[in-house]
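Enquirer: only geometry, no sequence info:
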C-alpha cells in the first residue's frame, strides 16, 4: 500500500460551488465545473461504455463522473446495469460519505479495502469481475494511484489450498480440503489426489475439476 | 418413477444428439424423469429438447476462468463446480448416464453415482482409477468406436445400447418449436414456392448452412457459390441461406448474397426460431454442424458434406432420406493429425459443385437434372440404412475402397457376435447388394491371415503365462508376448476389435501388479480366443450367405456405380 492510500484529503470549492477533493496537490475534479467535466469524461468514453452493462471504475473522486456515467447507462441499458468503483484511499471515501456531494444509486458500489487481496476476497466483487466488465479509469484518480491500480490488475492470488478455503461455501468440501492438504498449492493437491491408491468422495470431484481446468 | 441423469459435456451438436435418447427413453416409459447435465454454453440447445424434465448446468467458462486467471483464488473454481453439483445431487437420481464419455464426465459420473449410491451407465472410474463398464456397449463406445477407423456403431446407437433402450424413430415431437414461428415459416416459404412456379408443389426449398465451427469442415466458399448458382438456376429449386445470429456468419452470408445481387433469401435464426424453418424446407445442405443434428431430429432430409475431420461414421446424419458426401472413407482422417490447414483446404477445393447439385437432385428424386462430374472425382456418397441394431452408413456411389467398406460391415458383425452371441444375417444379405462377392472374398481372405497372426500371438502369450505361473523367471518372456499381442490393437484389421476388448479388460484389472492378476488375465486370454473364433464364424457366414446369393445379383453392386455420379 502506498502513502496515497491514506493521504489527507483537502477540500476546495469549485466555481459552481461543488466540493472538489485535493490530494497531494492533485485536484480530482475540475475546479471550475466538476459536473461538466464528468459529462465530457462520459462522452469521451461513450463507445467503451456501450460495450457492457457492467463497468469497473478506477477512482471515486467525489463521484461526479459516476453520476454522469449512471445517467448514460440508464439510457443504454434500461433493463439494468452494475458499476463497481474501486477507491484505494480510505480517507477520501470517508470524506465523500461525510459530504455526500453526489448521491449514487444502489447499482453503483464503492469499494475500499486495506489490502489488494481483500478486494479479491470480496465474493460479490469477484463475481462481477468474472463477467469481464468494461474498465473505466477516472484519469485524475488513476494518475494519483497508478501503482495501486497496476498492482490491482496484476495481482496473483496465493495458490495454496488453505487460501482457497475462504471461498468454499459447502462445509463438507471445506473439511475435505482442510484435511492435510492446506499447505499444498492447488496443482500439488491435484497431483496428490491423482496418485492416491484409493479414491473416494470428493476425490472424484477434485479430479473432474483438474481435468476441466487443465484439459482443452 | 425412475429418475435418470444424462451427463453430456460436449457441444451443441452432441446435445442435440442426446435428444434421440431422451425421446427413446420417454417413449418407452413416459413416467420416467430425464434430466440433463451440460455446460452452460450448450444450454440453448438443451432448452429446445422436448422430454427433458430439467436441465442442470456447469458454468465451465467461469470455472476455467477462475482457475486460469491468477488474480482469482482457485477456491472460487472449486466452489463454483461444487455448488453446481450440489444442486444436481439434491435432485436424487436412480441412474446417471455418462453420455459424452470424456474424462470430466467420467469423473463426474463416478462422483455422482458414488455420492447418491445410484447406478452408473456407460463408463466410470473405480476407486482404483480403473475403468468400469456398465455393459459391453460401454466398452464398444469407449475402446472400439474411438480407436478403430471402422466404427462398428455410431455414438447414437451406442448410447441407446448403454441405456438399454430401443431406438424410437418416431421423432415428430422431439424438438420444441414456436407456433407463431411455425406459421410465419410456412407462409413465407410457401410464398417463395409460389413466386418460383405456378405449380408450387414442384418447387423444393434448399436450406444452406453457410458455416461450420471449423474452417476445414466448411464447404469452400467458391464451391458453395457455384452450387447455389446451380440450385438457383433450376426450375424446381430455391436456395435459402441459413445463418446463426453471429457477426461472422452474417458477414459470410452477405458476401455470398452479393454474388447474386442480394436476391437470395437469407434467414437468420436462433435455436428458438430455426426448428420452424428447418421443418418447412425440403432439404438442408450443410457441412458438419449442429444444425445437421437438429434437421435429423425434425426429420428433414440432409445432404451433409463431410470435410476435414468431421466424424461421419460416428456422428453423421441418421435420417434414411439423407446422404453424406465425403472423400472415400478409407482416405479420411477423423482426428486432427497436424495436417496443415492449407493442405486440407486444398483437398476440400476439389469438391465439385456439380456433384453436390446432382446429389441434391437424387435426394429430391429429380434424376433428369443430373450434370457431368469431373473424371478425377474423389468424393463418394454414403447413405444411412436401418439395420436390426442401428444405423449403418453404406457407400452408394463413388470411388470408395471395397476392402475398407467390407471391413466396416464385418466390424459391425464381429462386434455383434462378440457382444451378443448372435449376428444380423439380414445385414450380410443387404451388404451383398452393395459389395460384390469377389470383393468380400478378397477382404475375408486377408482378414483370415491377419487373424491367424493374432492367434499365434495369443497362443504364445498363453504359453508364457502358464510357464510364468510355474516359474516366475519366465515372466519377461510372458510380458514380451503380451506386449506383442496388445500391439495388435493398432492393426488396421478386424482382429484389432477382439484385441481391443481384451486390452480394455486387462486395463480394468483392479490390482496394479500383473502377477496378482494372472488368473484374470488367463480368463481374458481364453475370452480373446473365443472372440477370435467369433470372427471366424462371421467370416464363414459371410462366405456361406454369399455362396447362396450367387453371382448375378452381386455383380451390379453400387460400388461399381461410379459413372452414375
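Expert: Structure's in. What do you need? Bear in mind that the values here come from a model prediction, so they are computed numbers and not experimental data.

Enquirer: Break chain B down into its structural domains.
Expert: B:3-163, B:179-397, B:402-565 (automatic domain parsing).

Enquirer: Between those, which one is closest to chain A.
Expert: Comparison of the domains of chain B against chain A by CB to the nearest CB identifies domain B:3-163 as nearest, at 2.8 Å. (Glycine included, C-beta is placed from N, CA and C.)

Enquirer: can you tell me which helix in chain B is longest?
Expert: Counting by DSSP state H, the longest helix found in chain B is helix B:437-470.

Enquirer: Can you spell out which helices and strands pack onto it?
Expert: helix B:402-420, helix B:475-486, helix B:518-549, helix B:551-554 (3 or more CB pairs under 8 Å, 6 or more residues apart in numbering or on different chains; DSSP states H and E).

Enquirer: May I see those helices organised as a markdown table, with mean pLDDT, distance to chain A and mean neighbour count added?
Expert: Below are these laid out as a markdown table (pLDDT from 0 to 100; distance: least, CB to the nearest CB, whole Å; neighbours: other CB atoms under 10 Å in any protein chain shown):
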| stretch | mean pLDDT | distance to chain A | mean neighbour count |
| --- | --- | --- | --- |
| helix B:402-420 | 95 | 28 | 23 |
| helix B:475-486 | 94 | 23 | 17 |
| helix B:518-549 | 94 | 19 | 17 |
| helix B:551-554 | 45 | 46 | 12 |
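
Enquirer: In CSV, list those along with distance to residue A:45.
Expert: Listed next are the helices and strands packed on helix B:437-470 as CSV, based on distance: least, CB to CB, whole Å:
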stretch, distance to residue A:45
helix B:402-420, 61
helix B:475-486, 64
helix B:518-549, 68
helix B:551-554, 76
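
Enquirer: Which one, of the ones you listed, ends up nearest to residue B:174?
Expert: helix B:402-420 (25.7 Å; CB to CB).

Enquirer: quick one: the nearest residue to residue B:73 once chain neighbours are set aside from residue B:525, how far?
Expert: The spatial neighbour of residue B:73 that comes closest, neighbours along the chain excluded (CB to CB, 6 or more residues apart in numbering or on different chains), is residue A:157 at 4.6 Å. Computed as CB to CB, to the nearest Å, the residue A:157 to residue B:525 distance reads 53 Å.

Enquirer: Equivalent analysis for residue B:117, please.
Expert: 34 Å.

Enquirer: same thing with residue B:545?
Expert: From residue B:545 to residue B:525 the distance is 31 Å (CB to CB).

Enquirer: Tell me which residue is most central in chain A.
Expert: residue A:86 (5.1 Å; CA atoms, centre = their mean).

Enquirer: so it sits right up against residue A:66, yeah?
Expert: No - look at residue A:86 against residue A:66 with CB atoms under 8 Å: they stay out of range, at 11.9 Å.

Enquirer: overlap in contacts of the two?
Expert: residue A:57 (CB atoms under 8 Å, 6 or more residues apart in numbering or on different chains).

Enquirer: so where is chain A shaky, pLDDT-wise?
Expert: A:1-6, A:180-182, A:216 (pLDDT under 70).

Enquirer: One more pass at 80, please.
Expert: A:1-7, A:100-103, A:180-182, A:215-216 (pLDDT under 80).

Enquirer: Could you find the closest non-adjacent residue to the residue in it that chain B sits nearest to?
Expert: Proximity to chain B, evaluated over chain A using CB to the nearest CB, is greatest for residue A:164 at 2.8 Å. Once flanking residues are discounted, residue A:164 sits nearest to residue B:75: 2.8 Å by CB to CB, 6+ apart.

Enquirer: and the one you found, backbone torsions?
Expert: phi -60, psi -30 (degrees, to the nearest 10).

Enquirer: thought it was touching residue A:163?
Expert: Yes - contact criterion CB under 8 Å: residue B:75 and residue A:163 qualify, at 7.1 Å.

Enquirer: Compare the two (neighbour count), which wins?
Expert: residue B:75 (26 against 18; other CB atoms under 10 Å in any protein chain shown).

Enquirer: so how far is residue A:126 from the more buried one?
Expert: 10 Å.

Enquirer: and chain A, what are its domains?
Expert: A:3-153, A:161-214.

Enquirer: what about residue B:401, neighbour count?
Expert: If you count neighbours by other CB under 10 Å, residue B:401 ends up with 17.

Enquirer: residue contacts, it?
Expert: By CB under 8 Å, 6+ apart, residue B:401 lies in contact with B:328-331.

Enquirer: swap the cut-off to 6 Å and go again
Expert: By CB atoms under 6 Å, 6 or more residues apart in numbering or on different chains, the residues touching residue B:401 are B:328, B:330.

Enquirer: Can you pull out the low-pLDDT segments for chain B?
Expert: For chain B (pLDDT under 80), the answer is B:169-172, B:335-339, B:367-376, B:510-517, B:549-565.

Enquirer: Quick check: residues of it near chain A?
Expert: Residues of chain B lying close to chain A by CB under 6 Å from any CB of the partner chain are B:62, B:64-65, B:67, B:70-76, B:79, B:81-82, B:103-104, B:107-108, B:110-111, B:127.

Enquirer: List only buried entries from those residues.
Expert: The neighbour count (16 or more other CB atoms under 10 Å in any protein chain shown) marks B:62, B:64-65, B:67, B:71-76, B:79, B:81-82, B:103-104, B:107-108, B:110-111, B:127 as buried among these.

Enquirer: Out of those residues, list just those in helices.
Expert: Among those, the members that lie in helices (by DSSP H) are B:62, B:64-65, B:67, B:74-76, B:79, B:81-82, B:103-104, B:107-108, B:110-111.

Enquirer: For those, name the two members farthest from one another.
Expert: B:65 and B:110 (25.2 Å).

Enquirer: surely residue B:475 meets residue B:465?
Expert: No - if you go by CB atoms under 6 Å, residue B:475 and residue B:465 don't touch, sitting 9.5 Å apart.

Enquirer: Break down chain A into its strands, ranges please.
Expert: Taking DSSP state E, the strands of chain A run over residues A:10-13, A:19-23, A:26-27, A:54-58, A:82-86, A:108-111, A:134-137.

Enquirer: Export these as TSV, with columns for distance to chain B.
Expert: Formatted as TSV, those follow (distance: least, CB to the nearest CB, whole Å):
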stretch	distance to chain B
strand A:10-13	33
strand A:19-23	26
strand A:26-27	27
strand A:54-58	12
strand A:82-86	13
strand A:108-111	15
strand A:134-137	13
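
Enquirer: Dump those strands to JSON lines, plus distance to residue A:94.
Expert: Converted to JSON lines, these look like this (distance: least, CB to CB, whole Å):
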{"stretch": "strand A:10-13", "distance to residue A:94": "12"}
{"stretch": "strand A:19-23", "distance to residue A:94": "11"}
{"stretch": "strand A:26-27", "distance to residue A:94": "18"}
{"stretch": "strand A:54-58", "distance to residue A:94": "18"}
{"stretch": "strand A:82-86", "distance to residue A:94": "15"}
{"stretch": "strand A:108-111", "distance to residue A:94": "11"}
{"stretch": "strand A:134-137", "distance to residue A:94": "22"}
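
Enquirer: Residue B:43 is in what secondary structure piece?
Expert: Using DSSP states H and E, residue B:43 maps to helix B:43-46.

Enquirer: Could you list the buried residues of that helix?
Expert: Using 16+ other CB under 10 Å as the test for burial, helix B:43-46 gives B:43, B:45-46.

Enquirer: list the buried ones in the helix or strand following that helix?
Expert: Next along the chain after helix B:43-46, taking DSSP H and E as the criterion, comes strand B:54-58. Buried residues in strand B:54-58, counted by 16+ other CB under 10 Å: B:55-58.

Enquirer: Show me how far strand B:54-58 is from its chain's centre.
Expert: How far strand B:54-58 lies from its chain's middle: 24 Å, per CA atoms, centre = their mean, to the nearest Å.

Enquirer: counting contacts, what elements does that strand pack onto?
Expert: With contacts taken as 3 or more CB pairs under 6 Å, 6 or more residues apart in numbering or on different chains; DSSP states H and E, strand B:54-58 sits against strand B:33-39.
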